[in-house]
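Engineer: 3D, please:
(chains A and B)
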Amino acid sequence: MGTDGGTGRMTSEEISGRLKEKLPEAVLAFEELPGTAGRVRFRAESALEVFRVVRSDLGYDHLSMVGGIDWVEEREVIYLVWSDLRRNYLLLSTRIAARDAHIESATPVWPSANWHEREAWEMVDIRFDHHPDLRHLLMPDGYAFHPLLRSFKLHEPEELEVKVRRV
Amino acid sequence: MWINMGPQHPMTHGLWNLRVKIEGEIVKEIDPEMGFLHRGIEKISEDRHYNEVITLMDRTCYVAGIAWEHLYIQAAEQALHVTPPARALWIRVLCEEMQRIASHVMWYAAFVQDLGLMSPFLYGMRDRDLLLDHFQSFTGGRLTYEYMRVGGVRNDLPPGTTDRMRKTLDWLMDRFVEYDRLCMGSEIFRKRCDDLGVLKANDCIAYGVTGPMLRSAGVRRDLRKDRPYAIYDQVDFDMAIADSADVTGRYLVRMEEMRQSVRILRQVVDWLDKHPGPVMAPNLPRWLGAPYAPVGREGYLLKRNYPKGVGLSAIEEPHGEANAYVVNEGGEHPYRVKFRSPVYVNLSAAHKYLVGYHVADIPPIMGSVDVCVGEVDR
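Structural biologist: Now for the predicted structure:
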């Protein structure tokens, strides 16, 4: 539960103000997103600090999902968090360079990130540093591709077959 | 010693493998192995029109297909800036609540059979069929419906549906009493379920567990109440809660949820009787409204200029909280679709409610989780 003195619901402005006060360097932007308290864009280098503040100071104690999006030059990681105190969602998102894409794991803050991050790693090729158990979840062990990258094309079975044989 | 429970094991209720490390009869460690049913639904969605993804949604969770359609449709409509008419919203809630009862009855049938009670299985399957008959009358399908569309639903209910529905609901309410008598009155059932698979509230929250498992630990959370979507803020119902956090608690929560769903459905059919109207939004973009969009240069120009957007939706699916995130980059297909399956997360916490119990306790505990592998693997 959060430690905001029991005020319960906060408006989006209050949340954004609190974030900017606590993390002036890490938070890049706060945007409106219908159906949530807002969308926080943050710097990937300070991911763990952002997670800690969002969980402990803002009270978003429940991580709903972690997902990766491939923007070809960059990869985006989204974190959807829910607060039992405020009864709303908050979306955290960050962009990292596609070459050697990596970000700090959220498992120390939200243990539920474990499987989500395993999936994001195998599907979108984002490495999660200090993850306790980063191995394949839905794909077989040793699978050499990352299917949710834009470069992984459907409708090209011949090409895929050749690659598999080489492995 | 490590043993495999699955991929073909009666406990799994689907295609997955639970690797269990045992010492004597006691479970020491577990490692769920998933992915046997992975079809790449998120990837295939990137290659389909917005309305074609609905077909995949039915296959995502095959016991709650229409709830997943509802989830996806809400996110797609937000991403595409489309507002459906009121009657379509009420029909969607009608579908979701019918599906909730059908899914819970299916769970009841399978779970109680795992415990060795055969009659409840037959009763459950019989009653689920009544709901599937209703689905068939207005969607044409009994398992995979393809009924919802971006902007509304495909067709209105045929005449007389609401009256037939009321009869079914009355009949179901009597059956729920029978279900309870069969289970809660059975000493075998109580001995096999009480104080089993305990997952306390703080563990539930840390591991992201939602749905009946969370509510059975005494946490008051239901997205239909906390973040009302569609028309849930206009209907009266109570949240089902238990505080034992064990298998019996999950059973009680699901039973109460079915009664509350009947209560919601009664209000919904009354509203539908009084408010005829269109079920599709009138001013849909041409490329989206037609079953086959204009192709060639004309279609390209229409789609290219369409505004971009992002859609996020959350629903209380029969198994728990499901999320969808849809990115519309202006093209004819979604750029990225991401789903959060509640069972996936509930399973990822399995070491918390399995370790320390006996091997023979695994079937009732996993039964109470209500695993649907289709939505875990997607």
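Engineer: what about residue B:222, neighbour count?
Structural biologist: By other Cβ atoms under 10 Å in any protein chain shown, 24 other residues sit near residue B:222. Where you see a C-beta, it was placed from the backbone N, CA and C, and this is true even at glycine.
Engineer: residues contacting it?
Structural biologist: By Cβ atoms under 8 Å, 6 or more residues apart in numbering or on different chains, the residues touching residue B:222 are B:215, B:239, B:316.
Engineer: and if we set it to 6 Å?
Structural biologist: B:239, B:316 (Cβ atoms under 6 Å, 6 or more residues apart in numbering or on different chains).
Engineer: next up, phi/psi of it, please.
Structural biologist: Torsion angles at residue B:222 (phi, psi; degrees, to the nearest 10) stand at phi -150, psi 120.
Engineer: so how far is chain A from it?
Structural biologist: To chain A, residue B:222 is 11 Å away according to Cβ to the nearest Cβ, to the nearest Å.
Engineer: now the residue in chain A that chain B sits nearest to, nearest residue through space, not along the chain?
Structural biologist: Closest contact between chain A and chain B, by Cβ to the nearest Cβ, is at residue A:112 (3.1 Å). Among residues not flanking residue A:112 along the chain, residue B:208 sits closest, at 3.1 Å (Cβ to Cβ, 6 or more residues apart in numbering or on different chains).
Engineer: check residue B:36 too.
Structural biologist: The shortest distance from residue B:36 to any non-neighbouring residue, by Cβ to Cβ, 6+ apart, is to residue B:15 (4.1 Å).
Engineer: the one you found is in contact with residue B:37, isn't it?
Structural biologist: Yes: proximity of residue B:15 to residue B:37 meets the contact threshold set by Cβ atoms under 6 Å, at 5.0 Å.
Engineer: where do the strands of chain A begin and end?
Structural biologist: A:27-31, A:39-42, A:62-71, A:74-83, A:88-97, A:102-104, A:127-129 (DSSP state E).
Engineer: make CSV from those strands and add mean pLDDT and mean neighbour count to it.
Structural biologist: Putting those into CSV (pLDDT from 0 to 100; neighbours: other Cβ atoms under 10 Å in any protein chain shown) gives the following:
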stretch, mean pLDDT, mean neighbour count
strand A:27-31, 82, 15
strand A:39-42, 89, 21
strand A:62-71, 92, 24
strand A:74-83, 92, 23
strand A:88-97, 91, 20
strand A:102-104, 91, 18
strand A:127-129, 91, 16
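Engineer: give me the number of neighbouring residues for the closest residue to chain A within the stretch 1-150 of chain B.
Structural biologist: Residue of the stretch 1-150 of chain B nearest chain A, by Cβ to the nearest Cβ: residue B:35 (3.8 Å). A total of 20 residues lie near residue B:35 under the criterion other Cβ under 10 Å.
Engineer: next up, the contacts around it.
Structural biologist: A:138, B:377.
Engineer: that one belongs to a helix?
Structural biologist: No: going by DSSP: H, G, I helix; E, B strand; the rest coil, the assignment for residue B:35 is coil, not a helix.
Engineer: could you report the pLDDT at it?
Structural biologist: Predicted confidence (pLDDT) for residue B:35: 87.
Engineer: ok, the residue of chain A closest to chain B - contacts?
Structural biologist: Residues near residue A:112 by Cβ under 6 Å, 6+ apart: A:63, B:207, B:208.
Engineer: I'd say the first one and residue A:81 touch.
Structural biologist: Yes: distance between residue A:63 and residue A:81: 5.4 Å, which falls inside the contact criterion (Cβ under 6 Å).
Engineer: residues in contact with residue A:33?
Structural biologist: So residue A:33 contacts A:39, A:91 (Cβ under 6 Å, 6+ apart).
Engineer: let's go with 7 Å and repeat that
Structural biologist: A:39, A:91, B:310, B:312 (Cβ atoms under 7 Å, 6 or more residues apart in numbering or on different chains).
Engineer: distance of it relative to residue B:231?
Structural biologist: Using Cβ to Cβ, to the nearest Å, one gets 22 Å for the distance from residue A:33 to residue B:231.
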